[in-house]
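Undergrad: Need coordinates for the below:
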Amino acid sequence: MKDIIYVVCDIATYFMQGLLLVMLLRTAQARFSFPKTYVNDAILLIQYMVIQLFLHYSDWVKSLLYGESMIMNSSRQSIVPILVSMLVTCVAGLFLLKENRLKIIYYVVTFYSVMELLKAGFYPILLWLLIKLMELNQYLVLEKQMYGETAFYEVASGIEIFWNLLFVFLILFFTYRIIRWIRKYLEMKENYQRSEVLFLLVPSVIGLLLCLMIRSMMFSTEGYDFHSIFDSRPELNLLIPCISLLCIILIIFAAKMLRKLIDESNQKIEVSVYQERIREMEQHIGDIENLYAGIRGMKHDMKNYIADIDALMNEESGKHSDQAAVKQYLDSLQTSVEKLDMKYNTGNPVTDVIIQRYVQLTQKENIEFQTDFIFPSGMNMDSFDLSIIINNALDNALEACRRQKEGRKTIELNAYRRENMFFIIVKNSFDGVLARSKSDGRLLTTKPDPENHGMGLRNIEVCAEKYGKVETTVKDKEFELAVMLQERISR
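TA: Modelled structure (predicted):
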């Protein structure tokens, strides 16, 4: 009966541990599109349960690890099943999930490390509790004679089952709480740098190696003699739980520290976005002031223009020359007026000014500029968010064309609307050289001062995240930035 209880308990334990693993990896992007969203989670769960049951109940594994007796006679023999299980789970995660591989390894290693640290921390404490309960049972039989030998063994068996259930419950409960803390500070969907993931991984690896070291010397048997490290080194009953607790705190603290660094970085980016807005606003105001200054000047001189034309028309001699002089004068006047004209009417004065400015810049740089942009009227979008997206996209395109040493330099800005979606497409030629992060593939600036540059694309992403997403593609020597924006519903 007791054996059946232990088998059921093991199956339930592996099931709950598998659920905790799925909970930790839940927000990861799946590699395969299954009809049901839970299929990916079910595969991870079943994989974990199958490998655990195979490693702990297979006679072939037992004979391979423990010899002909198929009984563990040294705690170091339990190291191999842990490493094999962790390796298989890592492979399954890498196969099923489309996230950064180092990130998946971190989550899997952290899961096993946390469980092993909790086992190492609770074992000495609960072992002391087990000994005291057994001593109490023996005292009630030998000293108090409250029940007989048969009841003694039944009570001892009940204490053993209770102790195992308590041990499993504590491990599962605190693993759940720690996973909640880790998920509070870390989000699977975020893109982390390789150095950031390594920063997180180090405490988990240290904790796991510490637990494997403890397992290698926890206990051993020689015939009928049982040797426990806690008997020969009683101080370890206190030291191991304390060290395990510190390792768990370090794992959580590393996640919290990274969250703080990411938040500070995001705040820096937000400040950059607001500074960009202020700069954009100043440029818009400056452009509009120049426009109105030109209009005021034209208005001031209009009386003189009319008087000059009237004088030319009333001259008595040289009619042909008079007409030629009048035509030349009118052409000069038309040229002056055209300088004040906004050639691009997008439906919003802010985007009009931006496009007009970049038209003038590209003309000076001998860059071909084409645009078919209409501001999405009727959509709940901030015009300044769109201005930051367009301005940064065109600025990056202009910089890329400036670095281009040969070939045709082109920039193309297009936009179109599909129901509640608005698409902005910016294409530009470039020299074919791109710098990408090795950890997440993010585009990096090629400028010599990366600390103070390379914020343009990030500013675009921050503004676009309010409405949609950003995608970049490269074809030959043409770079394409696609911004997909969805109308926000006012509440």
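Undergrad: residues contacting Q486?
TA: By Cβ atoms under 8 Å, 6 or more residues apart in numbering, the contact list for Q486 reads N420, M421, F422, Y467, G468. The C-beta positions use only the backbone N, C-alpha and C, and glycine is treated the same way.
Undergrad: what's the nearest residue in space to it that is not next to it in sequence in contact with, if anything?
TA: Closest residue in space to Q486, ignoring its immediate chain neighbours: G468 at 4.9 Å, by Cβ to Cβ, 6 or more residues apart in numbering. Going by Cβ under 8 Å, 6+ apart, G468 touches M421, V483, M484, L485, Q486.
Undergrad: go again using 6 Å as the cut-off
TA: By Cβ atoms under 6 Å, 6 or more residues apart in numbering, the residues touching G468 are M484, L485, Q486.
Undergrad: if we can go back for a sec, out of the contacts of Q486, which are buried?
TA: Buried members of these, scored by 16 or more other Cβ atoms under 10 Å, are F422, Y467, G468.
Undergrad: Tell me the one of these nearest V8?
TA: Of all the buried ones among the contacts of Q486, G468 has the smallest distance to V8: 49.7 Å, by Cβ to Cβ.
Undergrad: Can you tell me which helices and strands the helix or strand hosting T110 packs against?
TA: Taking DSSP states H and E as the definition, T110 sits inside helix 101-142. Counting contacts by 3 or more Cβ pairs under 6 Å, 6 or more residues apart in numbering; DSSP states H and E, helix 101-142 is packed against helix 2-25, helix 79-96, helix 149-185, helix 194-217, helix 236-313.
Undergrad: on that earlier part again, looking at the contacts of Q486, which one is closest to F199?
TA: Of the contacts of Q486, the one sitting nearest to F199 (Cβ to Cβ) turns out to be G468, at 31.1 Å.
Undergrad: Distance-wise, check I171 relative to R177.
TA: Applying Cβ to Cβ, to the nearest Å, the value for I171 to R177 is 11 Å.
Undergrad: Not counting sequence-adjacent ones, nearest residue to F54?
TA: For F54, the spatially nearest residue (Cβ to Cβ, 6+ apart) is V61, at 6.7 Å.
Undergrad: Next, work out how far apart that neighbour and I82 are.
TA: Between V61 and I82 the computed distance is 13 Å (Cβ to Cβ).
Undergrad: just to revisit the earlier point, give me the subset of the buried ones among the contacts of Q486 lying in strands.
TA: If you go by DSSP state E, these have F422, G468 in strands.
Undergrad: mind showing which ranges of the chain have poor pLDDT?
TA: Confidence mapping of the chain against pLDDT under 70 gives the ranges 273-274, 276-277, 280-344, 435-456, 488-491.
Undergrad: quick one: which of the contacts of G468 is nearest to P376?
TA: P376 has its nearest neighbour among these in L485, at 8.1 Å by Cβ to Cβ.
Undergrad: Return the helix or strand harbouring that closest one as PDB; C-alpha atoms alone will do.
TA: Assigned by DSSP H and E, L485 falls within strand 478-486. Extracted in PDB, the C-alpha atoms of strand 478-486 (Å, rounded to 0.1, in the frame of the first residue of the first chain):
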ATOM      1  CA  GLU A 478      17.900  48.500 -50.100                       C
ATOM      2  CA  PHE A 479      16.800  48.900 -46.500                       C
ATOM      3  CA  GLU A 480      13.100  48.900 -45.800                       C
ATOM      4  CA  LEU A 481      11.400  50.000 -42.500                       C
ATOM      5  CA  ALA A 482       7.800  49.000 -42.100                       C
ATOM      6  CA  VAL A 483       5.800  50.500 -39.300                       C
ATOM      7  CA  MET A 484       2.400  48.900 -38.700                       C
ATOM      8  CA  LEU A 485       0.000  51.000 -36.500                       C
ATOM      9  CA  GLN A 486      -3.400  50.100 -35.300                       C
END
